[in-house]
Structures are given as C-alpha cells and as structure tokens.
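Visitor: prediction below, plus the sequence it came from.
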Protein chains: 2
Amino acid sequence: MGQVPAIADGSFNLFESHAILVYLACAFPGVADHWYPADLFRRATINSVLDWHHSNLRHGASTYVLNTLLAPFLGLQLNPQAAADAEKLLSSSLSKIESIWLKRNGKFLLGGFQPSIADLSLVCEIMQLELLDENDRIRILGPHKKVLEWIENTKNATRPHFEEVHQVLYRAKTRFQEQRSMGANNTNSSKRLGLPSKM
Amino acid sequence: MGQVPAIADGSFNLFESHAILVYLACAFPGVADHWYPADLFRRATINSVLDWHHSNLRHGASTYVLNTLLAPFLGLQLNPQAAADAEKLLSSSLSKIESIWLKRNGKFLLGGFQPSIADLSLVCEIMQLELLDENDRIRILGPHKKVLEWIENTKNATRPHFEEVHQVLYRAKTRFQEQRSMGANNTNSSKRLGLPSKM
C-alpha cells in the first residue's frame, strides 16, 4: 500500500493508525483495559470518537498545517483559502472535544480517569500545531483551556514515552523557529530543514 | 452531537456509521461471524479498510457529489476545482480497492467469500454516484470492472435489504434525471426535488 503509519508483526502487516492501536491493544496480553476497554459500550464510544476524528480534527489540523507551512516542502502551493476553511473545521472540532467529550469529571476523553487510545490519537494530531508560528498556535488553541489541560494530562500519563516519540517533531519545530527568526523564505529551505518527506 | 447517522439502543446513544456497524455486530448474539470476524487478524484488516475509507473513498465520493450536484441544495456554491480534485482521489481510491482488496479470489474485500461490514460501508458510499449524470458516473466507475462486479455481489448477498435501504436514493436519482431531461436549473429546484437536507 506504500502508506504510513504501518506495522509488521511477524508476517502480519497492517496500516492505518487507529487499526494499529486497536490491534496492539487486543493482540498483546497485559495491555491495561483502559486503553481499549473490553466493555461493549465504552469500546463503542471510543470507536465513535476515533471514527469522528478522521473527517473533523484530523482533516482540519492536517489541512491547516499543510496549507500554512508544509506544502512547499512537498512540492505543493500554499492555499490560503484551504487554510482558512481548515481553521474553521479545526476550531469547531476543538470546541466539540471540549463541550462534549471533556465535559465530564475525568481527566481524559469520555470522562475517563485513565487515557484510552482515543486520547493518544487525538492529542498526537493536535501536537503537529507545535510547528506553527506561535501567534497562529495561540489563536487556535488558546480559547480551549480544557483541551490544553487534557493535552498536559495525556503527556503526564504517558511520559517519558510521549516526549520520546515527539523528538522528531520538536526538532522540526526548532528548525522552523530558526528559519522564521532568520526571515528566510520557507519555499527555499526544505533541504536545510532536512524534514522527512512524510512528516 | 446533532450528527447522522446515529442510533439509540435503549439508553445507549451512538453515532458514526463504522462505530455503529461494529457495535451492532458485537452487541447482538446471532450476527454471523463473517460480518466482523472474531479472528484478530481478519478483524484488524477490516478495521484498516474502514479507517482508510474515511480520508479516501468517502472523502473523494462525497466531495465530488457535493461539488457537482448537491451544493446548491445545501446553500453552497458548486466548486469545479474541488470537484476535479475529488474525482482524482475517488478514482485513485477505486483503483486501490480493485488492485489491493479485490485482487484475491473471493467475491468480497480482502478475499472474503461472504461480505463484511467493510463491504457494506464502501459499497454504500459508492452508491451515491447513482445521483450523477450518467456520463459522469460511467467515466468514473466504468474503468473499474472488478468494483462493478463487487457492487453486484454485495447487492446480491444482501437483497432484499440493499434495495430497501436505497429507496430514498433511487427516488432522488429519478427526480434528478427528470430535472436534467427538463433542462431545469438545479439551483432553483431544491424544493421541487424535496431532498432531505442531510442527503
């Protein structure tokens, strides 16, 4: 399929991040139940959040970052109209997360007191906003205090792994910041940034 | 959430079509295993197809139909560039279905000899192309003979339910055809067509 992310577990190959998370939670004995609860109803609502994510938070965040920052590194044009539309979808997705799935007492989605694979997937999607200019990031995330707390809760619950897997992102963030402070033209800087082609 | 599709099973509410299909397959004893196999690996690959679907076949098909046909009925402008981009994604998605998931001997996705919930979801997505002008539909679907066979196999395996649930679609198709043959302007005909607002 030539698609990332993908895993190979022995001779079994699998792609799509959510399918991989579900597989890992089910295939290996000892994975704590809170990651993907066996309870029919809790599992169904986690599936619902994961499915919703594709056409909402994921589509908004990835389209925004592509059209404000990454397009030139992929040989594409930045598209301000697509970025504006994506920001609307992204902001409305963050509002829904806050008003619907973080409205209960728990620290995590759906009122959970421990994180699930839905927390992992959605928080990791939001993390790509770290690459943005600080003003853009604050404008988009600033109004969503509960989302910001939930990101911190997820980081804390999964450290040190969270920071470890985001090292590539943090390195790219530093380089984008350096480029901005140098006033360099992003469209000519992909080689110097040394970004992986699928980031 | 104000979202469709959604179900209420007693006091349990759930939205997102794939989460609903998984829930129905798991919640009710007697649902045949082929719809959502208990086998870890077969289930994982079905999950993978369902996840892939969101940003590929679904995004391509729904964006194409929206921007060539339905936008005026939702108070939006038709967008020829978005339609052209969507057709590329739709055609590449149909090619991938054909070359990857229908490459094996079975009549259904992933070499299945009986359908799964992935067949239901993906075939039902393609069915919205019935609303298009015949030339557009033939241009898009015509090159994909295996896809056309698979649609027929899924219809045959699920009749009479398949035809029953598509009655609304077939009625809308007839009305669009009538409008086209009358040379009417679609932008002024939403009331006469009597389309449901979420179709």
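Guide: Received the coordinates, thanks. Computed from a prediction, not measured in an experiment: that's the story for all the values here.
Visitor: what count of nearby residues applies to the closest residue to residue A:109 other than its chain neighbours?
Guide: Ranked by CB to CB, 6 or more residues apart in numbering or on different chains and with sequence neighbours excluded, the top spatial neighbour of residue A:109 is residue A:101, at 4.5 Å. (Glycine included, C-beta is placed from N, CA and C.) Counted with other CB atoms under 10 Å in any protein chain shown, residues neighbouring residue A:101 total 23.
Visitor: over to residue A:142?
Guide: 11.
Visitor: gap between it and residue A:5?
Guide: Distance of residue A:142 to residue A:5, given as CB to CB, to the nearest Å: 30 Å.
Visitor: hey, which helix or strand in chain A has the poorest pLDDT?
Guide: Least confident helix or strand, chain A: helix A:190-193 with a mean of 45, by mean pLDDT, DSSP states H and E.
Visitor: assumed residue A:49 was part of a helix.
Guide: Yes - counting by DSSP: H, G, I helix; E, B strand; the rest coil, residue A:49 is part of a helix.
Visitor: interface residues of chain A facing chain B?
Guide: For chain A, the residues found near chain B under the criterion CB under 8 Å from any CB of the partner chain are A:1, A:3, A:12, A:14-19, A:22-23, A:26-27, A:40-41, A:43-45, A:47-48, A:50-52, A:54-55, A:58-59, A:96, A:100.
Visitor: drop anything exposed from these.
Guide: When these are checked for burial by 16 or more other CB atoms under 10 Å in any protein chain shown, the buried set is A:14-19, A:22-23, A:26, A:43-45, A:47-48, A:50-52, A:54-55, A:58-59, A:96.
Visitor: which ones among those lie within helices?
Guide: Members of these lying in helices (criterion: DSSP state H): A:17-19, A:22-23, A:26, A:43-45, A:47-48, A:50-52, A:59, A:96.
Visitor: pick out the residue nearest the middle of chain A.
Guide: residue A:125 (0.8 Å; CA atoms, centre = their mean).
Visitor: that one is in contact with residue A:59, isn't it?
Guide: No - checked against CB atoms under 8 Å, the pair residue A:125 and residue A:59 is beyond contact range at 9.9 Å.
Visitor: need the overlap of contacts for those two.
Guide: Common contacts of residue A:125 and residue A:59 (CB atoms under 8 Å, 6 or more residues apart in numbering or on different chains): none found.
Visitor: model confidence score at residue A:3, please.
Guide: We have a pLDDT of 77 for residue A:3.
Visitor: what's the closest non-adjacent residue to residue A:123?
Guide: residue A:154 (4.4 Å).
Visitor: enumerate every residue touching that neighbour.
Guide: Contacts of residue A:154 (CB under 8 Å, 6+ apart): A:108, A:115, A:119-120, A:123, A:162.
Visitor: that one and chain B, how far apart?
Guide: 21 Å (CB to the nearest CB, to the nearest Å).
Visitor: name the element that residue belongs to?
Guide: Following DSSP states H and E, one finds residue A:154 within helix A:145-158.
Visitor: check which residues of that helix are buried.
Guide: Residues A:147, A:150-151, A:153-154, A:157-158 are the ones in helix A:145-158 that count as buried (16+ other CB under 10 Å).
Visitor: check the offset of the following helix or strand past it from the chain's centre.
Guide: Toward the C-terminal end, the helix or strand that comes next after helix A:145-158 (DSSP H and E) is helix A:161-165. Its chain's average C-alpha position is 13 Å from that of helix A:161-165, according to CA atoms, centre = their mean, to the nearest Å.
Visitor: ok, and what's touching helix A:161-165?
Guide: A:154-155.
Visitor: show me where chain A has its strands.
Guide: In chain A, the segments counted as strands under DSSP state E are A:6-9, A:12-15.
Visitor: can you pull the domain assignment for chain A?
Guide: A:1-31, A:33-178 (automatic domain parsing).
Visitor: most tightly packed of those domains?
Guide: domain A:33-178 (a mean of 17; mean count of other CB atoms under 10 Å in any protein chain shown).
Visitor: residue B:169: which of the strands of chain A is closest?
Guide: Residue B:169 sits nearest to strand A:12-15 of all those, at 31.1 Å, using CB to CB.
Visitor: could you export the closest one as CSV, CA atoms only?
Guide: Extracted C-alpha coordinates of strand A:12-15, given in CSV (Å, rounded to 0.1, in the frame of the first residue of the first chain):
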residue,chain,number,x,y,z
PHE,A,12,1.2,-9.8,9.6
ASN,A,13,1.3,-6.3,8.0
LEU,A,14,-1.2,-3.6,9.0
PHE,A,15,-1.6,0.1,8.2
